[in-house]
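K.L.:
My questions are about this predicted structure, shown below with the sequence.
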Amino acid sequence: MVSPWNYPFQLAIAPATAALAAGNRVLLKPSELTPNFSDLLARLVEEHFSSDEMSVVVGDAEVGKTFVSMPFDHLLFTGSTAVGRQVALAAAANLTPVTLELGGKSPAIFDASCDLDAAVASVAYGKLLNAGQTCIAPDYLMVPQGQGAAIAAKLAGAMTQLYPRLGDNPDYTAIISERHQRRLSDMIAEARESGADVTEVNPANERLGVSDRKMAPVLVRNAGESLRLMREEIFGPVLPIVEYGAVDEAIDHVNRGERPLALYWFGKNSANRQRIMRETVAGGVTINDSMMHLVQERQPFGGAIIHQSF
């Protein structure tokens, strides 16, 4: 079992608990990007479990590569799509069955019929929880043609209300590492240089240093589809806003990319809602809110929702 850094306790312990409850033994490799937690977890597991019940392997990315190359009975990996492909290839050499819980570019779609204030508040919360470092966070927002600027202004207001200060606010999370912070900064710089409309939401006009890795939320409008921001999973507090005309355009935009892990639709128009549900494929869907499908304990998570009747 390989767990990620963004929710290091939950995404290590929850699947490990399920595996142990089902009568399995567990060997766990937590992320090298959260070394203090990984060391603590290893100590606690060693203290409370025998080595043939559960053990923790601590180490860097090279240790991780060796770990996923071992002939397990089953391998569970939670992390990025890019690394997930490497994990699947390594496991295939041993014919090890794998469960991959990956991220992706999860869209939020505002229909013209939506309660705009409620939708904006929901997307602002979902996008900035853990500073956007959540696998099912809204990756980008689609809004009706001509409403991009007005909705961006509303989003800036909602984000300001949630986080009036950033640098010294313990509720606003830092970016996990300097490498990931540079990746996000490079995406923003590329968008700005291409002529996109880039707005930083920094209510208190704080100087956020590289050392503390705090990054102000950023809204991006008119970003070209060739930009990294529009091709790669963002995994940070950066939200592109894409305008669309008819609902067909929104559906086509979603379907041109890889199938998203989550999809969020906001609106009261049942015909448009049913078209979105029928004509797109996603790992999970929440209507008129964001991320809530994940907390439904009796509902499967992941896989693909291809059609659902209302």
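P.N.:
Now that the structure is in, tell me what you want to look at. Numbering: from 1, shown residues only.

K.L.:
Only C-alpha atoms from now on, for both contacts and neighbour counts.
P.N.:
OK.

K.L.:
got the buried residues for stretch 139-157?
P.N.:
Across stretch 139-157, burial judged by 16 or more other C-alpha atoms under 10 Å covers 139-144, 148, 151-152, 154-157.

K.L.:
Include distance to Y244 and pLDDT when you put those into TSV, please.
P.N.:
Shown next, in TSV, are the buried residues of stretch 139-157 (distance: C-alpha to C-alpha, whole Å; pLDDT from 0 to 100):
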residue	distance to Y244	pLDDT
D139	16	97
Y140	13	98
L141	10	98
M142	7	98
V143	6	98
P144	5	97
G148	10	97
I151	13	98
A152	15	98
K154	18	98
L155	18	98
A156	21	98
G157	23	98
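
K.L.:
how about the strands of this structure, start to end?
P.N.:
Using DSSP state E, the strands of the chain run over residues 26-28, 54-56, 75-79, 98-102, 107-110, 140-144, 197-200, 218-221, 238-244, 263-266, 285-287.

K.L.:
Please list the outside residues in contact with the fourth one.
P.N.:
Here strand 98-102 makes contact (C-alpha atoms under 8 Å, 6 or more residues apart in numbering) with 74-81, 84, 88, 91, 135, 261, 302.

K.L.:
What pairs with that strand, parallel or antiparallel?
P.N.:
Strand 98-102 pairs in its sheet with strand 75-79 (parallel), by DSSP bridges.

K.L.:
What residues sit buried inside the lowest-mean-pLDDT helix or strand in the chain?
P.N.:
Lowest on mean pLDDT, DSSP states H and E among the helices and strands of the chain sits strand 98-102, with a mean of 90. For strand 98-102, a neighbour-count test (16+ other C-alpha under 10 Å) marks 98, 100-102 as buried.

K.L.:
do the same with stretch 185-194
P.N.:
187-188, 190-192.

K.L.:
Same check on stretch 74-82?
P.N.:
Going by neighbour count (16+ other C-alpha under 10 Å), the buried part of stretch 74-82 is 75-81.

K.L.:
so can I have CSV of these showing pLDDT and distance to Y7?
P.N.:
As requested, the buried residues of stretch 74-82 are exported to CSV (pLDDT from 0 to 100; distance: C-alpha to C-alpha, whole Å):
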residue, pLDDT, distance to Y7
L75, 96, 19
L76, 95, 16
F77, 95, 14
T78, 92, 10
G79, 89, 11
S80, 87, 13
T81, 88, 17
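
K.L.:
hang on, the earlier thing: which one among the buried residues of stretch 185-194 gets closest to G284?
P.N.:
Ranked by distance to G284 (C-alpha to C-alpha), the buried residues of stretch 185-194 are led by M187 at 26.8 Å.

K.L.:
Look up how far A153 lies from the residue nearest to the closest one when sequence neighbours are not counted.
P.N.:
Nearest in space to M187, with sequence neighbours left out and distances taken as C-alpha to C-alpha, 6 or more residues apart in numbering, is L229 at 5.6 Å. According to C-alpha to C-alpha, to the nearest Å, L229 and A153 sit 20 Å apart.
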